[in-house]
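Undergrad: Sequence plus predicted model, see below.
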Amino acid sequence: MKTTILKRTNSDNPDFRLLITELDADLRLRNGEMMDFYDHHNIIEKNNTVVLAYIDDKPAGCGCFKPFDAESIEVKRMFVRPDARGNGISKTVLAELETWAREQGFKFAVLESASKQVEAHSLYLKSGYERILNYGQYEGLPYSFCFKKPL
């Protein structure tokens, strides 16, 4: 397993923008036309809670969160480059996002993942998340799986 360096940053970071472009292409490849609906939910406005993971000074993965309600954050844009997978990056990035959210006083984390993201579902379940009823814009969508975890 390679050494991972984490960096807290914001959505203006060029490495984050690069990884998000790769994430969107990966989601389009996996999910096909279903992404026509989901694309508008994945737009990142200004976000000041982005975590980047680096291996050998190269961007390898990312994630971010935004406030969901007074007590909860929503985890967004989790991604690890294919050539960096298997190094525990997703688990490390998720843990850092949760730590950062706790530091800001949040008590819960929620997230949505498309039904075909089985690796992500495994990560979330192993990390203490439980599947919940779909929330907000994901209500009634059979291809969305929503999760929640106390922080």
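TA: Right, received. Where do you want to start? Just so we're clear, the structure is a prediction, and the values are computed from it rather than from any experiment.
Undergrad: now the strands for the chain?
TA: Ranges of strands in the chain, per DSSP state E, are 5-9, 50-55, 58-67, 72-80, 108-114, 130-132, 144-150.
Undergrad: Need the residues that contact the first one.
TA: Read that as strand 5-9. 16, 49-55, 57, 92-93, 96, 100 (C-beta atoms under 8 Å, 6 or more residues apart in numbering). (Glycine included, C-beta is placed from N, CA and C.)
Undergrad: Let me know the closest of those residues to residue 150.
TA: residue 100 (15.7 Å; C-beta to C-beta).
Undergrad: Tell me where this protein is predicted with low confidence.
TA: 1, 31-44 (pLDDT under 70).
Undergrad: So which bits of the lengthiest helix in it are buried?
TA: Taking DSSP state H as the criterion, the chain has its longest helix at helix 14-31. Across helix 14-31, burial judged by 16 or more other C-beta atoms under 10 Å covers 15-16, 19-20, 23-24, 27, 31.
Undergrad: Could you export those residues as JSON lines, including distance to residue 65?
TA: Formatted as JSON lines, the buried residues of helix 14-31 follow (distance: C-beta to C-beta, whole Å):
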{"residue": "15", "distance to residue 65": "18"}
{"residue": "16", "distance to residue 65": "13"}
{"residue": "19", "distance to residue 65": "15"}
{"residue": "20", "distance to residue 65": "14"}
{"residue": "23", "distance to residue 65": "15"}
{"residue": "24", "distance to residue 65": "18"}
{"residue": "27", "distance to residue 65": "18"}
{"residue": "31", "distance to residue 65": "22"}
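Undergrad: Out of these, the closest to residue 61 would be?
TA: Closest approach between these and residue 61, by C-beta to C-beta: residue 19, at 7.1 Å.
Undergrad: need the contact list for that closest one.
TA: Residues near residue 19 by C-beta under 8 Å, 6+ apart: 52, 59, 61-62, 79, 81.
Undergrad: so which of the strands of the chain comes closest to residue 138?
TA: strand 144-150 (4.0 Å).
Undergrad: quick one: which of the contacts of residue 19 is most hemmed in?
TA: residue 62 (31 neighbours; other C-beta atoms under 10 Å).
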